[in-house]
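Colleague: Below is the sequence, then the predicted model.
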Amino acid sequence: MSDSSRDTAAGAGWGAAEPGAYRRLLPPASAKISWLDPRLLWAARNGVLASWLGDPTGRTRGRWVARQEAAGAPADKVIRRTDPDRFSFLVIGDPGEGDDPQYAVVPGLLTAGGDTSFAVIASDVIYPVGSADDYGPKFFRPYRDYPAPVYAVPGNHDWYEDLGGFMRVFCDDAPPLPPGPAPRPLTRAWLRSLLWHRPDPADGRHLSEARKLRSAPAQQAVQPGPYWAIDAGPVRIVGIDTGLLGTVDAEQGAWLREVSRGPRPKILITGSPLYVDGRHEPCPVEGGGTVDDIVRDPAHRYIAAIGGDIHNYQRYPVTLADGRVLQYVVAGGGGAFTHATHTIPRVAVAGVTERDFRCYPLRGDSLAFYSRLYGRRLRMPRFFTLTEAEATAVIAERLGIPPTRAPGAPVRVTRRVRLVAGLLGTARRPDRARRFRLPVRKVYTQVFSPGSATYSPPFFKCFLRLDVSPEAVRLRCHAATGNRAQEIAPPVEDEVTIPLP
Ligand SMILES: [Fe+2]
């Protein structure tokens with residue numbers, strides 16, 4: 001195990017370092033996704049249409065699930081594995097843009113996780129719209145040397161073509177859904193269906209060729225639908241599908257309540273994290289209640305809730321009224337562009353403070369990463385670029401928290417450094433927050449953060465390894481920087497051991 005970003009700047013991937021071997025794995029010519037490309041934004045319009053004109057995801061999901069059941073999928077959607085009492089599995093969140101940051105995760109993932117029993121992808125398997133023909137470069141090729149099965153829950157991007165690609169790959173080659181009943185003219189549903197983005201009829205031509213990259217018998221897995229549970233060793237892992245808008249339909253909600261019963265300790269995997277960026281987002285269930293209500297219910301014995309969607313790592317150990325501690329984790333750093341952590345305000349939510357909160361990348365590294373990115377993008381590198389030491393110092397000043405990594409030589413926080421930190425949306429300590437603020441943080445995270453894939457290290461990507469035993473589950477967040485040192489010995493950025501009840 002090598003230094004982490006909490007130990008040294010080199011551990012974070014800064015400075016001159018031997019580049020990783022991951023480049024050899026990249027497809028010969030990969031089309032890079034630009035989230036500023038209007039054609040791409042137009043193809044990804046279904047999320048906006050669903051929020052304006054009503055969300056059809058619940059009904060479509062119900063049709064997929066009914067068809068899978070008719071084809072023989074178990075009604076309880078439980079995958080019963082035969083793992084021993086002690087086993088390990090990986091969680092990879094939001095991997096699939098198919099370029100450098102995704103492939104940079106692979107060598108370390110094989111080093112630190114090649115011996116695990118299976119992997120779970122936590123949402124957004126395939127960017128931008130979940131097409132079947134994108135599974136070659138963004139799923140089968142990157143994970144071809146991972147020897148075990150991969151299960152997945154979809155994220156909003158997998159739903160942008162009505163989940164067809166996801167269902168074919170993960171649910172036993174489910175054929176496309178026939179068109180649903182035509183909506184009545186001049187209704188909102190009618191307008192939506194006129195504007196709706198649909199998959200190219202020729203999509204999937206290359207799928208059987210791509211599947212050959214992961215064709216070993218030990219790599220195969222079939223899941224009963226987009227939501228499922230896995231009984232493995234002493235635990236049950238429950239995967240939910242939160243669709244286009246981060247909600248759960250009534251039918252899935254009833255299933256979730258049912259499958260959450262029983263004495264097995266449980267781990268939730270979701271595409272909508274329940275605590276994120278210092279806020280509680282309990283995830284509504286159609287017809288009443290929330291996913292978090294179900295997770296907190298002491299009868300259900302959840303020990304952790306892990307969500308993708310936001311492309312970094314965050315952990316909130318929340319102590320519940322009955323004294324239990326539930327680990328709420330964001331784990332979306334598996335390959336797509338990096339979401340900022342320097343915009344996360346000083347954490348004070350559900351009793352969790354900066355003392356217990358963990359994130360990766362560290363806020364200072366996130367700010368330094370973004371300063372380089374904007375320096376390049378706006379062609380003002382001399383003005384924007386902050387060294388990791390400057391960024392770390394200004395974060396400590398603005399948030400009123402001590403630097404996480406022991407500082408090197410003292411740095412001067414100049415007016416330029418403060419100005420850049422402000423322009424890039426760095427959070428402030430609550431007592432210094434301005435009463436009037438431009439909506440910088442929101443704008444930066446929602447508009448600018450997408451499109452921020454970079455193609456040279458450090459990438460600040462990560463994946464989770466969970467080691468399960470009858471007594472405890474140990475959760476580790478491993479970093480991938482894109483440098484060789486961290487491929488050979490992926491650093492542990494965070495670790496927690498959760499005793500089993
Ligand atoms: Fe995502």
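Modeller: Cool, got the structure. Source: prediction; values computed, not measured. Numbers count the residues shown, from 1 in each chain.
Colleague: I'd like the distance between the residue most central in space within the chain and the ion.
Modeller: With distances taken as CA atoms, centre = their mean, residue 332 lies nearest the centre of the chain, 2.0 Å away. Between residue 332 and the ion the distance, using CB to the ion, to the nearest Å, works out to 6 Å. To be clear about C-beta, it is placed using only N, CA and C from the backbone, and glycine gets the same treatment.
Colleague: swap in residue 394?
Modeller: Here residue 394 is placed at a distance of 28 Å from the ion (CB to the ion).
Colleague: Please verify my assumption that that residue contacts residue 387.
Modeller: No - using CB atoms under 8 Å, residue 394 is not in contact with residue 387; the gap is 10.6 Å.
Colleague: Could you check which of those two is surrounded by more residues?
Modeller: Between residue 394 and residue 387, residue 394 has the larger neighbour count (other CB atoms under 10 Å), namely 26 against 17.
Colleague: Wasn't that one part of a strand?
Modeller: No - assigned with DSSP: H, G, I helix; E, B strand; the rest coil, residue 394 falls outside any strand and is helix.
Colleague: Now it. Nearest residue, chain neighbours left out?
Modeller: Closest residue to residue 394 apart from its sequence neighbours, by CB to CB, 6 or more residues apart in numbering: residue 421 at 4.5 Å.
Colleague: Can you give me the distance of that neighbour to the ion?
Modeller: Counting by CB to the ion, the separation of residue 421 from the ion is 26 Å.
Colleague: Per-residue pLDDT of that residue, please?
Modeller: The predicted structure scores residue 421 at 92 on the pLDDT scale.
Colleague: Thought residue 39 was touching residue 33, still the case?
Modeller: No - with contact defined as CB under 8 Å, residue 33 does not count as touching residue 39 (11.2 Å).
Colleague: who has more neighbours, those two?
Modeller: When residue 33 and residue 39 are compared on other CB under 10 Å, the one with more neighbours turns out to be residue 33, at 20 against 8.
Colleague: Name the SS class of the more buried one, please.
Modeller: Secondary structure for residue 33, judged by three-state DSSP, is coil.
Colleague: ok now do the nearest residue to it once chain neighbours are set aside, which residues does it touch?
Modeller: If the residues on either side of it in the chain are set aside, residue 33 comes closest to residue 97, at 5.2 Å by CB to CB, 6+ apart. Taking CB atoms under 8 Å, 6 or more residues apart in numbering as the contact definition, residue 97 lies against 33, 127, 138, 335, 336, 337, 453.
Colleague: distance of the second one from residue 32?
Modeller: With distances defined as CB to CB, to the nearest Å, the gap from residue 127 to residue 32 amounts to 11 Å.
Colleague: more crowded one of these two?
Modeller: Higher neighbour count among residue 127 and residue 32: residue 127, with 29 against 11, using other CB under 10 Å.
Colleague: just checking, that one touches residue 138?
Modeller: Yes - under the criterion of CB under 8 Å, residue 127 lies in contact with residue 138, with a separation of 7.2 Å.
Colleague: what is in contact with the two at once?
Modeller: With contacts defined as CB under 8 Å, 6+ apart, the residues adjacent to both residue 127 and residue 138 are 96, 97, 98.
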